[in-house]
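Asker: Output the structure for:
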Amino acid sequence: MATTVLIVDDSKLARIVLGKAIAALQPDWMRLEASNADEAVAIVDAQGVDVAVLDYNMPGRDGLALAEDLRARFPTMPIAVATANVQDEIIARARAANATFIPKPVTEDGMRGFLSGAALRLKSAGQ
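Answerer: This next block holds a predicted model:
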């Protein structure tokens, strides 16, 4: 079964950039998009997701709140928080939610470690 990655960002351009980086590194993965936390939860509930890449600054709930919600529901899901807001507090909260912090602008190199780790984790979990 194909691995599904959910890209959550209120910026369409950021979703495109993330999607291209993911496609370059994991071309077989199916990519879904949401523009906010509520849309993301609806997608996860409707069809399931294996990996999530979340923006921090979004209208409504921020990406860290979404990461904490997803982590509570899916303890082993690989989750990354991608943001240009590189503050110690945000990095610490991402780590506390067991999420990978990825600084923006996102590049293939910036995504490589997270995606290869996610692929390994999913493979060892039998997906």
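
Asker: any low-confidence regions in this structure?
Answerer: Where the chain drops to pLDDT under 70, the residues are 1, 126-127.

Asker: Tell me which residue lies nearest the centroid of it.
Answerer: Nearest residue to the geometric centre of the chain (Cα atoms, centre = their mean): residue 53, 1.2 Å.

Asker: I'd assumed residue 83 was in contact with it.
Answerer: No. Counting by Cβ atoms under 8 Å, residue 53 does not reach residue 83; the two are 10.9 Å apart. All C-beta spots, glycine's among them, are computed from the backbone N, C-alpha and C.

Asker: Would you mind listing the residues touching both of these two?
Answerer: In terms of Cβ atoms under 8 Å, 6 or more residues apart in numbering, residue 53 and residue 83 are both contacted by the residues residue 102.

Asker: Not counting residues beside it along the chain, what's closest to residue 110?
Answerer: Distances taken as Cβ to Cβ, 6 or more residues apart in numbering place residue 102 nearest to residue 110, at 5.4 Å, with adjacent residues excluded.

Asker: Tell me if I am right that the residue nearest to the centre of the chain is in a helix.
Answerer: No. Under DSSP: H, G, I helix; E, B strand; the rest coil, residue 53 sits outside any helix and is assigned strand.

Asker: residues contacting it?
Answerer: Contacts of residue 53 by Cβ under 8 Å, 6+ apart are 5, 6, 7, 8, 18, 22, 79, 80, 82, 102, 111, 114.

Asker: Helix, strand, or coil at the residue nearest to it when sequence neighbours are not counted?
Answerer: Using Cβ to Cβ, 6+ apart and skipping residues adjacent in sequence, the residue nearest residue 53 is residue 80, 4.8 Å away. Here residue 80 takes the strand state, with states given by three-state DSSP.
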